[in-house]
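[1] quick one: sequence and predicted model below, then my questions.
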Amino acid sequence: MSATAIFLSYASVDRARVEVLVKALEGEGLDVWWDRDIPRGQNFNRVIENALEQARCAIVLWSSASVDSEWVVNEASEARKRGMLVPVLIDDVDPPLEFRHLQAARLIEWRGDKSDSEWAGLLAAVRGLVGQGGSTQMDRNRARGPAQDGRRWWQTLAGMAMGAGALLVGVAILVIALKQVGLIGGGAISPAATRSVVAPPAVVEPPAATQGSVAPNAAASHAAAQSASGRANATTNLLDPEQGGKLVIASEDNWKDVMQKEPRTTVIGSHGFAVFALRDDKPATIDGIAVYVESTNSRNLKELSIYAADQSETGPFRKITTVTLPNYRNMRAPLHELKFEPFTARYVKLEIVSWQEAGVPNGYVGNMQLLGRVR
């Protein structure tokens, strides 16, 4: 089997629908493996295990039958560990719990239409995995599998290139160090030349008659105070637990995923809400929100309302604004940043207003950052 093959995991009762997808993928020049390729007389389990090990991408088709299939669940779990899972819904079902927060392509009524946006998203994800050797995936699990051809990673062309690059960097650092100590490049450098290029603020000495009344470290203390003030006023992610952000009330447990640092997507029910307490329950000034959008999807979050409270985590809340999120991935930065007029609050409530497609019972919500400064 080709090292660039796509492994297809599905329930056998869905074979007819699977064949439509297989033909479409093969029509794009992709090498697809499914269990119809098992030679007679060979061990069924061993052949499937080897096929999954050699594949760079695993498409798992979730249907009313496959969600209860131990084989499909195990294959999906292994593919996720290796960072090559691409989930697809062919029935309107909830995948097993382990996979529910992953964004899946919806091909429920799909019959091979190449202009369908869900098909286009699936094809892009598959090509990304096959073309990059499995280094990316839809759920952002970075785990890497073993080398596809049995070689250690440092024996591959990419590994040797990385080694050569590291060697060049090491040589450059050594040359700089030798220049600093004067072994090369024209002798030792004077102590004055090794000082920081950023000079401290100049201290003006007062007249002799009043010199005794000035504390020796007054200028240094003033500079330290200014530096501390600058840090206090710096914009930060107020939802970050390391910055004191706390989830105190929520419509469901999945809101915890919204606070994660690494870009990811979770599933939250329609009109879901969450209340966050800011650092030490102290007032903060908020002037923006940043939201992760993994890819274009009709079930992505569209409108999000922001409320503020000063007295208690239970309110009363006043509405600040409703932001509308784009339905595409930001390729310049992980999150879309949306700014609004600054407001002050001790507690912030976020409430889902709508999805990109009306009428769905739940949708995809990326992790968020609430941008501002603790007062």
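    Happy to help now that I have it.
[2] mind showing which ranges of the protein have poor pLDDT?
    For the chain, the stretches with pLDDT under 70 are 1-4, 36-44, 132-166, 169-172, 175-234.
[3] ranges for the helices of it?
    Per DSSP state H, the chain carries helices over the ranges 15-27, 44-54, 70-81, 117-131, 157-181, 218-232, 255-258.
[4] what's the longest strand in this protein?
    strand 335-345 (DSSP state E).
[5] which residues does I352 bridge with?
    Here I352 sits in beta bridges with L304, as judged by DSSP bridges.
[6] that one is in contact with A274, isn't it?
    No - here I352 lies out of contact with A274, judged by C-beta atoms under 8 Å, at a distance of 9.4 Å. For glycine as for every other residue, the C-beta is placed from the backbone atoms N, C-alpha and C.
[7] specify the beta-bridge partners of the nearest residue to N297 once chain neighbours are set aside.
    Distances taken as C-beta to C-beta, 6 or more residues apart in numbering place Y364 nearest to N297, at 6.1 Å, with adjacent residues excluded. For Y364, the beta-bridge partners under DSSP bridges are V267, N300.
[8] again with the one 10 residues further on
    Counting by DSSP bridges, V374 is bridged to A284.
[9] give the burial count for it, as a bare number.
    Counted with other C-beta atoms under 10 Å, residues neighbouring V374 total 17.
[10] you'd agree it is up against R279?
    Yes - taking contacts as C-beta under 8 Å, V374 lies within contact range of R279: 4.9 Å.
[11] how many residues are close by P316?
    10.
[12] actually T314, sorry about that
    If we define neighbours as other C-beta under 10 Å, then T314 has 12 of them.
[13] what's the answer for G269, then?
    Residues near G269, counting by other C-beta under 10 Å: 14.
[14] quick check: it touching A250?
    No - using C-beta under 8 Å, G269 makes no contact with A250, being 11.0 Å away.
[15] L85 and V60 touch, don't they?
    Yes - counting by C-beta under 8 Å, L85 does reach V60; the two are 6.4 Å apart.
[16] which neighbours do those two have in common?
    76, 79, 99 (C-beta atoms under 8 Å, 6 or more residues apart in numbering).
[17] R56: which of those residues is nearest?
    A79 (10.4 Å; C-beta to C-beta).
[18] what's the separation between that closest one and R100?
    16 Å (C-beta to C-beta, to the nearest Å).
[19] more crowded one of these two?
    A79 (25 against 14).
[20] give me the most central residue, this protein.
    P263 (1.8 Å; C-alpha atoms, centre = their mean).
[21] residue contacts, that residue?
    140, 292, 294, 334-335, 366-367.
[22] picking that back up, note down every partner strand of the longest strand of the chain and its orientation.
    By DSSP bridges, strand 335-345 pairs with strand 284-292 (antiparallel).
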